[in-house]
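Engineer: Show me how the following folds:
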Amino acid sequence: MSENTLKFDLIVIGGGPAGVVGATTAASMGKKVALVEYRAELGGAGANTGTVPSKTLRETALALSGVRSRGLYGVDLSLRREATVADFLRHEQHVKAGLNHSLSQRMDAWNTEVYCGSAAFADSHTVCVGGDKPISLQGDYILVATGSAPARPPGFPFECREIYDSDTILDLDRLPGTMAVVGAGVIGSEYASTFAALGASIHLIDGHNALLPFLDAELSRALTAVMEKNGIRFHWGDRPRSYRQEESGKVTVTLESGDQLSVDAVLVASGRKSNTETLNLAAAGVTVGDRGIIPVDASYRTNVPHIFAAGDVIGFPALASTSMQQARYAIRAAFNAAELTQPSRFLPTGVYTIPEVSMAGETEEALQQAGVEYVAGRAPYARSARGRIIGDTDGFLKLLFRRSDMRLLGVHAMGEQATELVHIGMIALMTSSSADLFDEACFNVPTLGALYKVAAFEASLAVKR
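Structural biologist: As a prediction, this is how the structure comes out:
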């Protein structure tokens, strides 16, 4: 080892949700940790371009548009004037700055050395950091958590200022009156919902024929119906064929079906690619798959035993929540502490469309495919006092139980606070609980949590029929 090379127990490449949690997990074990991040601020896409900014924009849209009050008779809190971009982005920028500062404080508190610069492998144990002061780091273990970036498919004229990806959409200089969103995945659906809430006319274009097919099909259909009710027009089984910039500043999008859309802005949300191109993974002997995705085993170990990967860089589900859990388990496996906590197979999925949808466990389709006999219990938000108070007439909770012993197998929710509501069911899944748990539990009233009693009761009745 060169005299100019610094030695660490763990090197973490990437300062997003997975990287930060991986670093702090190792530091809590007393390990000497270095974290390398090429951005000036920590947080990765989760804090700076993805999870937190997009969800903050969503909350701002809900507040500015008065969407949450529209179902309440006689109440209209929508703005009486045109919202400016400054109105739209001010809160997002404040939240992002606060989170960046908090993450830096966490690194200081855990005595983690943070290096700002690009990282590349020199060999399987050595990482070279470029920047103002290039340096070499050597680690017994290495965690790759470099995240992902929007994929830019060929044929899209991104040089046109009215065409954005999910990173550059935050640079909008005005709120569009009309928008085409290409790709009805999580990101496309979330942004389509946000801009529709602000009154934009949205065209959501996707080559498939179902929204978010990883969801329970009933949940997917219900979300599609509400989004259509909110003014979003879906173009299923279609793709953009060409774009033309008009003198007016609008963009004309011609679809393969022949339809032409004249819009103020286009958001291309056609998937993401892992940030691995500049890591020189070949020097470390790490295998890389399509779109830069790094294959890992159940412990998030790559084909090189001392190199792990977690977060978006390993592909689906690519959520901030799951990325953090993956990194925690990876570090425990690296330092032989995996027995402290076994990975849970029940990880929640939350999609911040309007309305929110969330799930944990099995879908009806998965149970049918596996030949498991089950029973479903449903509870509309309108069945609870809380649901009526907030005016959510579309929301519902759906529970799936194994018919033989009424053990909970899946939980699915759509509506206000669905991403919070799902956690009750997730804990029940982790503890192998049955419908009896919800029968015995006492929930505050009025709360959405009380819907668990209703859904479990409905499932129990179905078994007796």
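
Engineer: How much space separates the residue most central in space within the chain from C128?
Structural biologist: Computing the C-alpha centroid of the chain and ranking residues by Cα atoms, centre = their mean puts L319 first, at 3.8 Å. Look at L319 and C128: by Cβ to Cβ, to the nearest Å, they are 31 Å apart. C-beta here means a position set from N, CA and C on the backbone, and glycine is covered the same way.

Engineer: likewise F443?
Structural biologist: 55 Å.

Engineer: Also A456?
Structural biologist: Taking Cβ to Cβ, one finds A456 at 56 Å from C128.

Engineer: out of the two, which sits in the more crowded spot?
Structural biologist: A456 (25 against 19; other Cβ atoms under 10 Å).

Engineer: isn't the more buried one right up against A435?
Structural biologist: Yes. Using Cβ atoms under 8 Å, A456 is in contact with A435, at 4.3 Å.

Engineer: can you list residues touching both of these two?
Structural biologist: Residues touching both A456 and A435 (Cβ atoms under 8 Å, 6 or more residues apart in numbering) are 377, 399, 401.

Engineer: OK, contacts around A196?
Structural biologist: 202, 227, 230-232, 354.

Engineer: Go again with 7 Å.
Structural biologist: 202, 230-232 (Cβ atoms under 7 Å, 6 or more residues apart in numbering).

Engineer: are any of those residues buried, and which?
Structural biologist: Neighbour counting with 16 or more other Cβ atoms under 10 Å marks 202, 230, 232 as buried within the contacts of A196.

Engineer: So among the residues you listed, where is pLDDT lowest?
Structural biologist: By pLDDT, N230 ranks lowest within the buried ones among the contacts of A196, coming in at 93.

Engineer: so which helix or strand takes in the residue nearest to that one when sequence neighbours are not counted?
Structural biologist: Using Cβ to Cβ, 6 or more residues apart in numbering and skipping residues adjacent in sequence, the residue nearest N230 is A196, 5.3 Å away. Assigned by DSSP states H and E, A196 falls within helix 186-197.

Engineer: Look up the closest residue to F195, ignoring the ones flanking it.
Structural biologist: That would be M179: by Cβ to Cβ, 6+ apart, it lies 5.4 Å from F195.

Engineer: Verify the contact between the one you found and G199 for me.
Structural biologist: No. The pair M179 / G199 is not scored as a contact, 11.0 Å apart, by Cβ atoms under 7 Å.

Engineer: between these two, which one's more packed in?
Structural biologist: M179 (25 against 17).

Engineer: so what's the more buried one up against?
Structural biologist: Contacts of M179 by Cβ under 7 Å, 6+ apart are 195, 200, 202, 263-265, 267.

Engineer: can we see that at 8 Å?
Structural biologist: 192, 195, 200-203, 263-267.

Engineer: ok, so what distance separates N280 from G147?
Structural biologist: N280 is 17 Å from G147, by Cβ to Cβ.

Engineer: More neighbours: which of the two?
Structural biologist: G147 (25 against 16).

Engineer: where do the helices sit along the stretch 1-150 of the chain?
Structural biologist: 17-28, 44-48, 51-65, 85-109 (DSSP state H, counting those that start in this stretch).

Engineer: Repeat that for the stretch 201-350 of the chain.
Structural biologist: 217-229, 281-284, 320-334.

Engineer: now the last one: how far from the chain's centre is it?
Structural biologist: What separates the centre of helix 320-334 from the centre of its chain is 16 Å, taken as Cα atoms, centre = their mean, to the nearest Å.

Engineer: again with the shortest one
Structural biologist: Relative to its chain's centre, helix 281-284 lies at 29 Å (Cα atoms, centre = their mean).

Engineer: which residues touch that helix?
Structural biologist: 120-124, 142, 144, 288, 294, 304, 307.

Engineer: Was I right to think D394 contacts T224?
Structural biologist: No. Counting by Cβ under 8 Å, D394 stays clear of T224, with 11.6 Å between them.

Engineer: what about S242, how many neighbours?
Structural biologist: Look at S242: counted by other Cβ under 10 Å, it has 12 neighbours.

Engineer: who touches it in this structure?
Structural biologist: 253-254.

Engineer: For it, give the beta-bridge partners.
Structural biologist: T254 (DSSP bridges).

Engineer: Quick check: the gap between it and I205.
Structural biologist: Per Cβ to Cβ, S242 is found 13 Å from I205.

Engineer: In space, what's closest to G350 - neighbours in sequence excluded?
Structural biologist: T419 (3.7 Å).

Engineer: what stretches of this protein score poorly on pLDDT?
Structural biologist: 1-3, 42-53, 64-101, 103-105, 108, 110, 338-343 (pLDDT under 70).

Engineer: go again using 80 as the cut-off
Structural biologist: 1-4, 40-57, 59-111, 131-133, 155, 170-173, 337-344, 464-465 (pLDDT under 80).

Engineer: tell me the domain ranges of it?
Structural biologist: 5-150+273-340, 163-270, 355-464 (automatic domain parsing).

Engineer: Can you give me the separation between A122 and I135?
Structural biologist: 12 Å.

Engineer: From one end of stretch 206-213 to the other, what's the distance?
Structural biologist: End-to-end distance for stretch 206-213: 12 Å, by Cα to Cα, to the nearest Å.

Engineer: List the buried residues of that stretch.
Structural biologist: Buried residues in stretch 206-213 (16+ other Cβ under 10 Å): 206, 211-212.

Engineer: and of these, the nearest to Y38?
Structural biologist: L212 (31.4 Å; Cβ to Cβ).

Engineer: just checking, the closest one touches I187?
Structural biologist: No. The pair L212 / I187 is not scored as a contact, 11.0 Å apart, by Cβ under 8 Å.

Engineer: Give the residues shared as contacts by those two.
Structural biologist: Counting by Cβ under 8 Å, 6+ apart, nothing touches both L212 and I187.

Engineer: still on that earlier bit, may I ask which two of the contacts of helix 281-284 are separated the most?
Structural biologist: A122 and I294 (18.2 Å).

Engineer: The two: which has the busier surroundings?
Structural biologist: Per other Cβ under 10 Å, whichever of A122 and I294 has more neighbours is I294, with 25 against 15.

Engineer: Need the nearest residue in space to the more buried one, chain neighbours excluded.
Structural biologist: Nearest non-adjacent residue to I294 (Cβ to Cβ, 6+ apart): A309, at 4.3 Å.

Engineer: Confirm for me that that neighbour is in contact with V144.
Structural biologist: Yes. With contact defined as Cβ under 8 Å, A309 counts as touching V144 (4.3 Å).

Engineer: okay, those two: which has more neighbours?
Structural biologist: V144 (34 against 29).
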